[in-house]
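Visitor: Sharing a model prediction with you, sequence too.
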Amino acid sequence: MQNNSNRTAITIILVILIVMTSFATGLATGSLVKNNPIRTALGYDKPSSLATSGTQCPDCRCPSPSGNAEGLECEPCPAVQFGEDAEKCSEYVSSSTPRELQTLFKPFWESWAHLHKHYVDQPLDDVILMRGAIEGMLAATGDKHTSYMDPQTYEQANAEMEGSYTGIGAWVNTSGEFVEIVSPMKGSPAEEAGLKPKDIVIAVNGQDVSGTAGDIVLQSILGPAGEVVVLTIRRGDEVFDVSITRRVINIPVVEYEMLEGDIAYIALYTFNDKAVEQVSNALDNLMPQNPKGLIFDLRDNGGGYLYASIEIASMFIKDGVILYEEYGDGTRDTYKASGKVKAADVPMVVLINAGSASASEIVAGALQDRGRAKLLGTVSYGKGSVQSWIDLSDNEGGVRITIARWLTPNGNQIAEIGLTPDIEVAISDADIEAKRDPQRDAAIEYLQQ
């Protein structure tokens, strides 16, 4: 009997010891887990700021290097759930946000969560919100050349044109809010339809193009030869439709001639892959005639290839700097004359206007800074920056980012400023109507002095 009593007492003691050991183990383990109630009660952690519902923040699940979610300790809690779960966690961020940016992006993810919980029209399209966020971020740089294209727009903008160029035959500026006619090409459908410089295209075939990237609007203006495109034009306060039949357009690159008074004249319309050869040929024909002066007309030339601008500027400058390309970290690439000079000494005037942009400004700026030529006309456009198109992953479109700026040999910035001519001469609407060219006339007069 006594033995039974002893065994019972020993059993009770063992049970008590096991329970006490388990409690101690649990207490010790709990004190090691961050934000655990036991750890908080012991004073190791401050109480969490929870929502009024009193429920807990969702469990932290940090992704492992392999991409699998594992129960690892995270700070702050990367709650990826939205709606009520997100509101429970005061430290709500996305687990995809880099650790060093989690504090910075906390307001963004909080706004995202509140929008999904409270916005009146549900459900929201997360893809549209994501693309809008990218667009807004790039627009916040204040640089009109840094922008976003959604997948459909990006695909259309980068689609290669097949066959010959067919369209209306006009030089256009696509950098502004709308496509602007810089000038119609000679003998083109655009000229025949009466389009004028500074006409604004506000609709194509009845489709409003407000807010659409100029490159995309241009694609809709182009099309098969023989088809009619209807452009809605804003000219000052007047708005009207113009029907234009597209046809094959042979883009002029260079026109040249000897003017009265032994003045050589070269007009370059674009810096494409034929520009270097054709300017070289023009000089080979004109220079043996011993001109007293040379007019290089870059008006309404929207630019083109960088290499073409360097090679063409080198035809007039013997050596030295043509251009600096400056990056965000302050480093520079220096472009110098190639040594292939063809007309280094003949007195020279370069014609520029508001349509002279990009590569045109590189050449004109180099000739002006190096004292090689006088600029005559009006202030140039001011497109002195370099853009890079970058594909986004998963076919989510692309972003165009300004990565560098162009500086003239004297270190002057071109972007948003343009080039100021040495001799300012404007052309009025009356001059255009009467087909007068006071700028070229002034250049001839200057060279004959």
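Guide: Happy to help now that I have it. Residues are numbered from 1 along each chain as shown.

Visitor: Strands along the stretch 51-200 of the chain, start to end?
Guide: 62-63, 69-70, 147-149, 166-167, 170-173, 179-184, 200-204 (DSSP state E, counting those that start in this stretch).

Visitor: How about the contacts made by His197?
Guide: That one is not His; residue 197 is Pro. 181-183, 300, 355, 432 (Cβ atoms under 8 Å, 6 or more residues apart in numbering). Yep, even glycine has a C-beta here, placed from its N, CA and C like the rest.

Visitor: Count the residues that sit near Gly236.
Guide: 8 (other Cβ atoms under 10 Å).

Visitor: Same question for the one 3 residues further on.
Guide: Applying the criterion other Cβ under 10 Å, we find 12 residues in the vicinity of Val239.

Visitor: Export stretch 351-361 to PDB, keeping only CA atoms.
Guide: Extracted in PDB, the C-alpha atoms of stretch 351-361 (Å, rounded to 0.1, in the frame of the first residue of the first chain):
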ATOM      1  CA  LEU A 351      21.100  80.100 -91.000                       C
ATOM      2  CA  ILE A 352      19.000  78.800 -88.000                       C
ATOM      3  CA  ASN A 353      15.500  79.200 -86.600                       C
ATOM      4  CA  ALA A 354      13.100  77.700 -84.100                       C
ATOM      5  CA  GLY A 355      13.000  74.500 -86.200                       C
ATOM      6  CA  SER A 356      16.800  74.000 -86.000                       C
ATOM      7  CA  ALA A 357      17.200  71.300 -83.300                       C
ATOM      8  CA  SER A 358      19.500  68.600 -82.000                       C
ATOM      9  CA  ALA A 359      22.300  67.800 -84.500                       C
ATOM     10  CA  SER A 360      21.700  71.100 -86.200                       C
ATOM     11  CA  GLU A 361      22.500  72.800 -82.900                       C
END
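
Visitor: In that stretch, which residues are buried?
Guide: Of all the residues in stretch 351-361, those buried under the rule 16 or more other Cβ atoms under 10 Å are 351-361.

Visitor: Kindly report the same for stretch 204-224.
Guide: 204, 209, 212-221.

Visitor: Narrow those to those in strands?
Guide: If you go by DSSP state E, the buried residues of stretch 204-224 have Val204 in strands.

Visitor: Sticking with Asn281, tell me its helix or strand.
Guide: Taking DSSP states H and E as the definition, Asn281 sits inside helix 275-286.

Visitor: Name the next helix or strand downstream of that helix, please.
Guide: Sequence-wise, the next helix or strand downstream of helix 275-286 (DSSP H and E) is strand 293-297.

Visitor: ok, and what's touching that following strand?
Guide: For strand 293-297, using Cβ under 8 Å, 6+ apart, the contacting residues are 259, 262-268, 286, 316, 343, 346-351, 367, 373, 440, 443-444, 447-448.

Visitor: Narrow the contacts of Pro197 to just the buried residues.
Guide: The buried subset of those - by 16+ other Cβ under 10 Å - is 181-183, 300, 355.

Visitor: and the closest residue to Ala225 other than its chain neighbours, how many residues sit next to it?
Guide: Nearest in space to Ala225, with sequence neighbours left out and distances taken as Cβ to Cβ, 6 or more residues apart in numbering, is Thr166 at 4.4 Å. Neighbour count for Thr166, taken as other Cβ under 10 Å: 17.

Visitor: my guess is Thr166 contacts Val229, does it?
Guide: No. If you go by Cβ atoms under 8 Å, Thr166 and Val229 don't touch, sitting 10.5 Å apart.

Visitor: got any residues that touch both of the two?
Guide: 223, 246.

Visitor: now the helices: where do they sit in this structure?
Guide: 2-32, 37-41, 84-88, 102-118, 126-139, 151-157, 189-192, 214-221, 275-286, 306-314, 359-369, 429-433, 438-447 (DSSP state H).

Visitor: Flag whichever of the buried residues of stretch 351-361 scores worst on pLDDT.
Guide: Of all the buried residues of stretch 351-361, Gly355 has the smallest pLDDT value, namely 83.

Visitor: phi, psi of that one?
Guide: Main-chain torsions, Gly355, degrees, to the nearest 10: phi -90, psi 0.

Visitor: Not counting residues beside it along the chain, what's closest to it?
Guide: Per Cβ to Cβ, 6+ apart, closest to Gly355 is Asp300, 3.6 Å.

Visitor: wait, isn't Pro151 in contact with Asp391?
Guide: No. Distance between Pro151 and Asp391: 10.1 Å, which falls outside the contact criterion (Cβ under 8 Å).

Visitor: Who has more neighbours out of those two?
Guide: Pro151 (15 against 12).

Visitor: what's the spacing between that one and Thr378?
Guide: Distance, Pro151 to Thr378, using Cβ to Cβ, to the nearest Å: 40 Å.

Visitor: follow-up on the earlier one: can you lay out the strands of the stretch 51-200 of the chain as a markdown table showing mean pLDDT?
Guide: Shown next, in a markdown table, are the strands of the stretch 51-200 of the chain (pLDDT from 0 to 100):
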| stretch | mean pLDDT |
| --- | --- |
| strand 62-63 | 45 |
| strand 69-70 | 44 |
| strand 147-149 | 80 |
| strand 166-167 | 86 |
| strand 170-173 | 81 |
| strand 179-184 | 83 |
| strand 200-204 | 95 |
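
Visitor: Nearest to Asp126 among those strands would be which one?
Guide: With Cβ to Cβ as the criterion, Asp126 lies closest to strand 147-149 of the strands of the stretch 51-200 of the chain, at 16.4 Å.

Visitor: Parallel or antiparallel, which strands does the closest one pair with?
Guide: strand 398-407 (antiparallel) (DSSP bridges).

Visitor: Kindly report the domain assignment for the chain.
Guide: Split into domains by automatic domain parsing, the chain comes to 2-41, 62-124, 166-248, 254-447.

Visitor: now the ones you listed as CSV including distance to Met130?
Guide: Compiled in CSV, those are given as follows (distance: least, Cβ to Cβ, whole Å):
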stretch, distance to Met130
domain 2-41, 31
domain 62-124, 10
domain 166-248, 19
domain 254-447, 8
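
Visitor: and those domains, which one's lowest on average pLDDT?
Guide: domain 2-41 (a mean of 57).
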